[in-house]
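# Generate coordinates for the sequence data below:
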Amino acid sequence: MNSPLKVSLCIPAYNEEKIIAECLKYVKESGGDFFEILVINNASTDRTAEIAASIPGVRVVYEEKKGLVMARQRAYLEAKGDVLAFVDADTRMPRGWYEKIVAEFTHNPKTVCLSGPYVYYDCPTWHRLLTSWSWTYIAFPVHKLITGFLAVGGNFVISKKCLDQMNGFDTTIAFYSEDTDIARRASKFGKVVFDLSFKMPSSGRRMVGQGFFKTGWLYYINFLSAALLKRPTTQKYIDIR
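Down below sits the predicted model:
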């Protein structure tokens, strides 16, 4: 699909040597005509950068200050596209994902950010069903009726112009609610779209490793804190690999 819209795909990665090749395989097989593919090697101590660099068409960018938002900021400074699309290293990009980006940003000039839900490919069935219900009947209505903004960190696209207006990402945020902060700040400069059909298959390893209900609780309270108080409640987080 040839499009005048230049989409920079950005993949933050910290010690993801076990799965980064699979993530990039799905990117290649999705058929997306990305302007560039950046893997932001975020202070990894394993072979993440080496493996990513061995895949044709991938450029590895280094950010030595550990932290997800630090990696996002490095992507913002390095990317050359009109919009920056962010996915996590444990995602499996589906066909049609790129085309939805082009359609949204081409036909709706007021859109500055596009996001959608995760679909967990390695969780128990009840995890997947309950999560899907939560997206449809809690998160989406809150977005439409109350906040006007919602984004998922491993599945969102934001315009470079909007990031310029926002002065980039807020690198004082460690982990929780960083995506809510992005959506809230972006909503001041245009429309933030959360599309339930803009799905991204992702690993549920955090829910499995940290506990389903504990993880859900942490996400919800930090969403509310970031939306209402403009800051996260939880500062500490654990890396799950």
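
# For my notes, confirm residue 99 occurs in a helix.
Yes - assigned with DSSP: H, G, I helix; E, B strand; the rest coil, residue 99 falls within a helix.

# And for it, the neighbour number?
A count of neighbours around residue 99, defined by other CB atoms under 10 Å, yields 15. Backbone N, C-alpha and C define where each C-beta goes, glycine included.

# Next: the one 3 residues further on.
The burial count assigned to residue 102 is 18, neighbours taken as other CB under 10 Å.

# again, but for residue 28
Neighbours of residue 28 (other CB under 10 Å): 15.

# which residues touch it?
55, 57 (CB atoms under 8 Å, 6 or more residues apart in numbering).

# now the host helix or strand of it: how far from the chain's centre is it?
Per DSSP states H and E, residue 28 falls inside helix 20-29. Its chain's C-alpha centre and that of helix 20-29 lie 16 Å apart, by CA atoms, centre = their mean, to the nearest Å.

# likewise stretch 54-74?
With CA atoms, centre = their mean, you get 14 Å for stretch 54-74.

# pLDDT below threshold where in the protein?
Residue ranges of the chain with pLDDT under 70: 1-2.

# where along it do the strands fall?
7-13, 36-42, 58-63, 83-87, 111-115, 118-120, 155-159, 191-194, 200-202 (DSSP state E).

# Who are the packing partners of the third one?
Helices and strands touching strand 58-63, as assessed by 3 or more CB pairs under 8 Å, 6 or more residues apart in numbering; DSSP states H and E, comprise strand 36-42, helix 48-53, helix 68-78.

# Could you pick out the longest helix of the chain?
Secondary structure assigned by DSSP state H gives helix 212-229 as the longest helix of the chain.

# can you list contacts of it?
123, 127, 130, 134, 147, 149, 176-177, 180-181, 184, 206-207, 231-234.

# re the thing from before, which of the helices and strands packed on strand 58-63 has the highest mean neighbour count?
Among these, ranked by average contacts under mean count of other CB atoms under 10 Å, first place goes to strand 36-42 (a mean of 24).

# Quote the end-to-end distance of stretch 63-83.
Terminal residues of stretch 63-83 lie 20 Å apart, using CA to CA, to the nearest Å.
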